[in-house]
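Trainee: need coordinates for the below:
(chains A and B)
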2 protein chains.
Amino acid sequence: MLRRTEYPAAIRNLIAQLRQMPGVGPRSAERIALWMVRTRTDQPEQIARAVTDTRHSIRPCNLCGFFAAGEICEICGDSSRATELLCVVEQPTDILPLEKTGVFRGRYHSLGGKISPLDHVAPEDLRIKELFDRIDREKMSEIIFALPADVEGEATTNYIVDLLKHKPITLTRIARGIPAGGGLESADELTLSAALSGRTKL
Amino acid sequence: MLRRTEYPAAIRNLIAQLRQMPGVGPRSAERIALWMVRTRTDQPEQIARAVTDTRHSIRPCNLCGFFAAGEICEICGDSSRATELLCVVEQPTDILPLEKTGVFRGRYHSLGGKISPLDHVAPEDLRIKELFDRIDREKMSEIIFALPADVEGEATTNYIVDLLKHKPITLTRIARGIPAGGGLESADELTLSAALSGRTKL
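Mentor: As a prediction, this is how the structure comes out:
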């Protein structure tokens, strides 16, 4: 009986571990592992250290849920920002894309998900209580909802708006419509009907 | 002056480190880094540990240059293998593809490269001395050259064959020809001419 020769166990384990990373398939994992074994630099050690360091040092901001090296993230700790404007997003990863527009100079609140009964995500699984605590504590003039334009995003927005509408705060939602550079022929019906009903005066 | 909000330094460093891995571009690196920050499992720690473990434990086999967890690799340590057959390859990564065929049950010798004056790789930069030491020490009947079918692979084969041809050892090279499943119309001239001159009797 011929036994199939394989990589040593340490390399096989490394390949299996690397495959856990999103977007890394068996071939990429093998390629990365062999590079790690063979490179004469200490880059693999630096990568391992960066992983461990990041896991130790980064946690969700106590206020908004964005990535923070301490208790409070860079955005919440920035005293030059408008405190009366709050933008509600689904995930902490939604914050940087909005930041890159340079248009919004208020603060954010990441819910950490959206209401989705099918996935067993109820309002109490989200950072909604934290949102209301902030609203009670900080003086806000406007809350902008920037949740996904899907059924769950919609339901989450409606749920929170219902609880807030008695307060003297302007509640808004970011616009739906044709994306920049997008032609009408590539837009679906829902997008077009949202673009029509959200038309602005010229 | 608005300062551009970014990820905390630890995450930015992690992204930069992950980009060092082969085949991982800026987008994949960011995606992997954010997964590492956000996952609730300890997979990132396991990955970091696997990298460090592998870097500590795996080194080239003293005999053949394949990956080994100790001094000698699994193949060289396998006493059931034919010692009189040796297959010479360029890189240690060339060994497993040959093993997977299940056809060859001898041992290997990885040169760690091929002679290439343009890249400043001379014979003494390769594991050629180690090859001759093995040939002197172990009794061999055949040496199969399985170097790349390019100018440098050819030159390396010729260089070693010249130094060995006075010895009572059969020297062979793996066949050139049409790859399995390949049609004639997709083969280049060099492949076709090699396939013609290497024709076998039916």
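Trainee: per-domain residue ranges of chain A.
Mentor: Domain assignment for chain A, taken from automatic domain parsing, gives A:9-57, A:78-201.
Trainee: ends of the shortest one, how far apart?
Mentor: So that's domain A:9-57. End-to-end distance for domain A:9-57, by CA to CA, to the nearest Å: 31 Å.
Trainee: show residues contacting the helix-or-strand element of chain A with minimal mean pLDDT.
Mentor: Least confident helix or strand, chain A: helix A:189-197 with a mean of 83, by mean pLDDT, DSSP states H and E. Taking contacts as CB atoms under 8 Å, 6 or more residues apart in numbering or on different chains, the residues outside helix A:189-197 that touch it are A:Ala149, A:Arg176, A:Gly177, A:Ile178, A:Leu184, A:Ala187. Bear in mind the C-beta positions are built from the backbone N, C-alpha and C, glycine included.
Trainee: what do you get if the cut-off is 7 Å, keeping everything else the same?
Mentor: Contacting residues not belonging to helix A:189-197 are listed as A:Arg176, A:Gly177, A:Ile178 [CB atoms under 7 Å, 6 or more residues apart in numbering or on different chains].
Trainee: what about the nearest residue to the second one once chain neighbours are set aside, neighbour count?
Mentor: So that's A:Gly177. Residue nearest to A:Gly177 in three dimensions, not counting chain neighbours: A:Ala195, with 3.9 Å by CB to CB, 6 or more residues apart in numbering or on different chains. When neighbours are counted by other CB atoms under 10 Å in any protein chain shown, A:Ala195 registers 17.
Trainee: same deal with A:Asp150?
Mentor: Count around A:Asp150 with other CB under 10 Å applied: 12.
Trainee: ranking the domains of chain A by burial, who's on top?
Mentor: When neighbours are counted by mean count of other CB atoms under 10 Å in any protein chain shown, the highest per-stretch mean among the domains of chain A falls to domain A:9-57, a mean of 18.
Trainee: what segments of chain A are strands?
Mentor: A:59-60, A:67-68, A:85-89, A:107-110, A:142-145, A:170-173 (DSSP state E).
Trainee: between those, which gets nearest to chain B?
Mentor: Proximity to chain B (CB to the nearest CB) singles out strand A:67-68 among these, at 5.6 Å.
Trainee: adjacent strands (with direction) for that closest one?
Mentor: strand A:59-60 (antiparallel) (DSSP bridges).
Trainee: hmm, who's touching the partner strand?
Mentor: With CB under 7 Å, 6+ apart as the test, strand A:59-60 has contacts from A:Ala68, A:Pro92.
Trainee: contacting residues for A:Leu171?
Mentor: Going by CB under 7 Å, 6+ apart, the list of residues near A:Leu171 reads A:Ile143, A:Val161, A:Leu164, A:Lys165.
Trainee: low-scoring stretches of chain A, by residue?
Mentor: For chain A, the stretches with pLDDT under 70 are A:1-3.
Trainee: just the helices in it please.
Mentor: If DSSP state H is used as the criterion, the helices of chain A fall at A:9-18, A:26-38, A:43-57, A:95-101, A:128-137, A:151-164, A:189-197.
Trainee: distance to B:Lys114 added to those helices, as a markdown table?
Mentor: Shown next, in a markdown table, are the helices of chain A (distance: least, CB to CB, whole Å):
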| stretch | distance to B:Lys114 |
| --- | --- |
| helix A:9-18 | 24 |
| helix A:26-38 | 16 |
| helix A:43-57 | 25 |
| helix A:95-101 | 46 |
| helix A:128-137 | 62 |
| helix A:151-164 | 57 |
| helix A:189-197 | 57 |
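Trainee: how about the domains of chain A in a markdown table, adding distance to B:Arg134?
Mentor: Listed next are those as a markdown table, based on distance: least, CB to CB, whole Å:
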| stretch | distance to B:Arg134 |
| --- | --- |
| domain A:9-57 | 22 |
| domain A:78-201 | 55 |
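Trainee: right, so of those domains, which gets closest to B:Gly70?
Mentor: Within the domains of chain A, the stretch nearest B:Gly70 is domain A:9-57; the backing value is 11.2 Å (CB to CB).
Trainee: report the distance from that closest one to the chain centre.
Mentor: 25 Å (CA atoms, centre = their mean, to the nearest Å).
Trainee: and for stretch A:104-122?
Mentor: Mean-position distance between stretch A:104-122 and its chain equals 9 Å (CA atoms, centre = their mean).
Trainee: list of residues touching that stretch?
Mentor: Contacts with stretch A:104-122, where a contact means CB under 7 Å, 6+ apart, come from A:64-66, A:75-76, A:81-83, A:85-92, A:94-95, A:98, A:123, A:125-128, A:131, A:134, A:147-148, A:152-153, A:155-156, A:159.
Trainee: what's opposite A:Leu85 in the beta bridge?
Mentor: With DSSP bridges as the rule, A:Leu85 is bridged to A:Glu142.
Trainee: can you give me every residue that contacts it?
Mentor: Neighbouring residues of A:Leu85 by CB under 7 Å, 6+ apart: A:Gly106, A:Ser141, A:Glu142.
Trainee: from chain B, how far out is the first one?
Mentor: Relative to chain B, A:Gly106 is positioned 12 Å away (CB to the nearest CB, to the nearest Å).
Trainee: leaving out the residues flanking it, which one is nearest to that residue?
Mentor: Setting aside the residues directly before and after it, A:Gly106 is nearest to A:Leu85 in space (CB to CB, 6+ apart), at 2.8 Å.
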